[in-house]
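Enquirer: model the structure of this input:
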Amino acid sequence: MALLAPSPRALCVREATAAAAAAASTHPHASAACSTVGGAAAAAGRGLLWLWRGNGRRRMSERVRADAYFWDVAKPVEMEEIDSMEKLDDALRWSVENKQPIIIDWMASWCRKCIYLKPRLEKIAGEYPGVRFYFVDVNKVPQAVKMPTIQLWKDGEWAEEVIGGHKAWLVMDEVREMIQKHK
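Expert: Numbering: from 1, shown residues only. Sure thing, here's the model as predicted:
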């Protein structure tokens, strides 16, 4: 049975061979979580998987047996709508008063990419409980921005933005980095 999930990560990885286990025990990150698992053995249901580790330039693969898997369990948080300039001012005021960043997703109801990204941003909102997430329909609050544009505001001032014209997972990674940097 193949393992299909939005973002699987292996937990409690047990090496398939004793030699690999001995070599891995000397490495401090030997059982670190992985983001890419697969292989013919996994598809056949035998529980053996391939684990790819590397820094992007060089990848090493090894056979492993995963004892457990988990998926991101953050509950999505519904983003608040900003449908007037007054609500935008209120959101920025909240950011200043609470010294917390806010994320504003500038979108339109006719923009397919915007609609696709919104539930993914709501998932990220569940990962960062101190950060408020808002969305603005540019048909209701006109602004001259490309769509989708995801902005981080801190202390009432624009700090950083991601223009979401590329793949969704890249946009989500950039949003996470942006939040980590300004938290």
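Enquirer: so residue 78 makes contact with residue 122?
Expert: Yes. Between residue 78 and residue 122 there is a contact under Cβ atoms under 8 Å: 6.1 Å. Every C-beta, even on glycine, is put in place using the N, C-alpha and C of the backbone.
Enquirer: which one of these two is surrounded by more residues?
Expert: residue 122 (18 against 12; other Cβ atoms under 10 Å).
Enquirer: for the more buried one, what are its contacts?
Expert: Contacts for residue 122 (Cβ atoms under 8 Å, 6 or more residues apart in numbering) come out as 76-79, 133.
Enquirer: same question, residue 109
Expert: 115, 137, 139.
Enquirer: and what of residue 75?
Expert: For residue 75, the contacting residues are residue 126, by Cβ under 8 Å, 6+ apart.
Enquirer: then the one 4 residues further on?
Expert: Contacts for residue 79 (Cβ under 8 Å, 6+ apart) come out as 105, 118, 121-122, 125, 133-135.
Enquirer: let's see it at 6 Å
Expert: Residues counted as contacts of residue 79 (Cβ atoms under 6 Å, 6 or more residues apart in numbering) are 122, 133-135.
Enquirer: and it, what pLDDT?
Expert: What the model reports as pLDDT for residue 79 is 96.
Enquirer: phi and psi next, for it.
Expert: Residue 79 has phi and psi values of phi -80, psi 140 when expressed as degrees, to the nearest 10.
Enquirer: thinking again about what came up before, of all the contacts of residue 79, which two lie farthest apart?
Expert: Distances among these were taken as Cβ to Cβ; the most separated pair is 122 and 134, at 11.3 Å.
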